[in-house]
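Q: Take this sequence and fold it.
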Amino acid sequence: MNSLAPGNRPRKTEDAAPHSTGLRTLLGAVVLTSTLAVAGCATPATGSQAPTPGQSSAAVPASAGAVTDADTCLAIGEVVSVTFNADAAVGEGRMGAQEQGGWYRLATTVLASVPTRTEGPVSEAVTALQAAVPPVPLAAAGRTEIGSDAWHEQLAAVFNACEEAGSEVATVAFTGG
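A: The predicted structure follows:
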């Protein structure tokens with residue numbers, strides 16, 4: 001069932017802030033698109049197993065040439081876009097720390113699903129970032145490692161590896177005005 005079918009679209013409630021409802025809807029669309037793109041890019045090779053719930057698609061060998069460094073760097077850009085926009089909204093006073101934490105938890109689960117070729121500098125850097133910033137379930141009240149020294153160090157390594165591979169990480173600012 002399509003989660004964005006007309007009957008399943010998020011509804012604005014009386015107590016929901018208008019700016020955060022739009023952000024949630026937009027991010028939901030980004031995550032759905034990313035999930036569909038990752039599912040299409042990380043087709044398991046013959047004889048390999050599909051990822052189990054909670055397992056990164058990066059841990060599943062993909063068929064030769066199915067995932068490129070450009071695919072991986074694009075997916076990292078989506079993760080960074082989530083954190084960048086959450087940080088911007090907090091900095092502008094449009095979002096509180098609790099909601100930012102929710103966006104960070106979402107970013108960790110998206111990060112865990114970033115596909116890699118399983119070899120090479122980009123894959124190695126992303127795998128190290130995934131290890132430094134493990135997924136935190138959305139329903140958990142746990143704190144993420146986003147914003148930590150390990151996040152910044154490993155993210156810089158990913159940015160450098162992507163740049164060296166000719167695929168810079170692009171982020172999208174979609175909040176504010």
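
Q: quick one: low-confidence ranges for the chain?
A: 1-65, 177 (pLDDT under 70).

Q: Helices along that one, start to end?
A: For the chain, the helices defined by DSSP state H cover 18-41, 69-91, 97-112, 121-132, 149-164.

Q: And those: which comes nearest Ala173?
A: Distance to Ala173, taken as C-beta to C-beta, is lowest for helix 69-91 among these, at 6.4 Å. C-betas here are computed from N, CA, C, even on glycine.

Q: by how many degrees do that closest one and helix 121-132 diverge?
A: Interaxial angle, helix 69-91 versus helix 121-132 (axes from the mean of the first three to the mean of the last three C-alpha atoms, to 10 degrees): 40 degrees.

Q: Next, the angle helix 149-164 makes with helix 69-91.
A: 140 degrees.

Q: what's helix 69-91 packed up against?
A: In terms of contacts (3 or more C-beta pairs under 8 Å, 6 or more residues apart in numbering; DSSP states H and E), helix 69-91 is packed against helix 18-41, helix 97-112, helix 121-132, helix 149-164.

Q: Repeat the analysis, applying 6 Å as the threshold.
A: If you count contacts as 3 or more C-beta pairs under 6 Å, 6 or more residues apart in numbering; DSSP states H and E, helix 69-91 packs onto helix 97-112, helix 121-132.

Q: Quick one: closest of those to Ala141.
A: Comparing these by C-beta to C-beta, helix 97-112 comes nearest, at 8.3 Å.
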